[in-house]
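[1] All I have is the shape, not the residue letters:
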């Protein structure tokens, strides 16, 4: 059974940093692209970043480029999102997600974690 | 960026009804579209991928269709369990984008 478990969320002041983790199990992690998607309170879904199976290619939405870094450790089956220079508009529940189709990163999201809440406030 | 214009933003329907939710893509995305159902406090659940393909385990009451850049999710024989927010998503190119969501209430 595929499981994605996010951790690392919490309350952080504007301008500070936070690192999210997503522990994956139940599939061959190194074969799949991985993604972070967020949802601000009462708002819609917003794609944040993606990473290829090897980690060699990464993609970001414009509003987080230069501030967020997606990475992965295939030996530990874990996905990360390093978030620096946080802003109030980054407040959201952050989900990690993966497709049920290996290899490529532009796919649908078949599996989602339960999400971790990041609140940026002074 | 590809804009996904989703409509309606909310709707109310009765048990047994058939409803349709729409997403209009601002440019050609082929069949690179998926639909998700989200219940309060829960993660989204994949319902449809490739515009028309039903994800394993999703009831056949759900179906997806495409007409040009217009994509639709149709739910037949509505049940209480179908209540939630439905999101469309294009994965044709980066940045990946979602529609604004449709809140479906069952009367």
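    Ah, there it is. Just so you know, these numbers come straight off a predicted model, no measurement behind them.

[2] For chain B, which residues are neighbours of chain A?
    Counting by CB under 8 Å from any CB of the partner chain, the positions of chain B adjacent to chain A are B:32, B:34, B:36, B:43-46, B:49-50, B:55, B:87, B:89, B:91-101. From N, CA and C alone the C-beta is placed, and that goes for glycine too.

[3] among those, which ones are buried?
    Among those, those that count as buried by neighbour count (16 or more other CB atoms under 10 Å in any protein chain shown) are B:32, B:34, B:36, B:43-46, B:49-50, B:55, B:87, B:89, B:91-92, B:94-101.

[4] Quick check, residue A:32 in contact with residue A:51.
    No - the pair residue A:32 / residue A:51 is not scored as a contact, 9.9 Å apart, by CB atoms under 8 Å.

[5] Helix or strand: which one has residue A:117?
    Under the assignment given by DSSP states H and E, the secondary-structure element containing residue A:117 is strand A:116-120.

[6] contact partners of that strand?
    Applying CB atoms under 8 Å, 6 or more residues apart in numbering or on different chains, the external contacts of strand A:116-120 come out as A:6-14, A:18, A:20, A:38, A:83, A:86-94.

[7] Setting the sequence-adjacent residues aside, check what's closest to residue 23.
    If you meant another chain, say so; for now it's chain A. residue A:5 (4.8 Å; CB to CB, 6 or more residues apart in numbering or on different chains).

[8] other chain: chain B
    Nearest residue to residue B:23 in three dimensions, chain neighbours excluded: residue B:88, at 3.7 Å (CB to CB, 6+ apart).

[9] Quick one: neighbours of residue 57, just the number.
    As the question left the chain open, I've gone with chain A. Using other CB atoms under 10 Å in any protein chain shown, residue A:57 has 11 other residues around it.

[10] actually chain B
    Neighbour number of residue B:57 under other CB under 10 Å is 8.

[11] Next: residue A:87.
    Counted with other CB under 10 Å, the neighbours of residue A:87 add up to 13.

[12] That one against residue A:12, yeah?
    No - between residue A:87 and residue A:12 there is no contact, the gap being 10.5 Å when judged by CB under 8 Å.

[13] doesn't the residue nearest to residue A:23 fall inside a strand?
    Yes - in this structure, residue A:5 lies within a strand as judged by DSSP: H, G, I helix; E, B strand; the rest coil.

[14] can you tell me which residues contact it?
    The neighbourhood of residue A:5, defined by CB under 8 Å, 6+ apart, consists of A:22, A:23, A:113, A:114.

[15] What is the most widely separated pair among those?
    The span of these, defined through CB to CB, is set by A:23 and A:114 at 11.5 Å.

[16] Mutual contacts of these two, please.
    Contact with both residue A:23 and residue A:114 is made by residues A:4, A:5, according to CB under 8 Å, 6+ apart.
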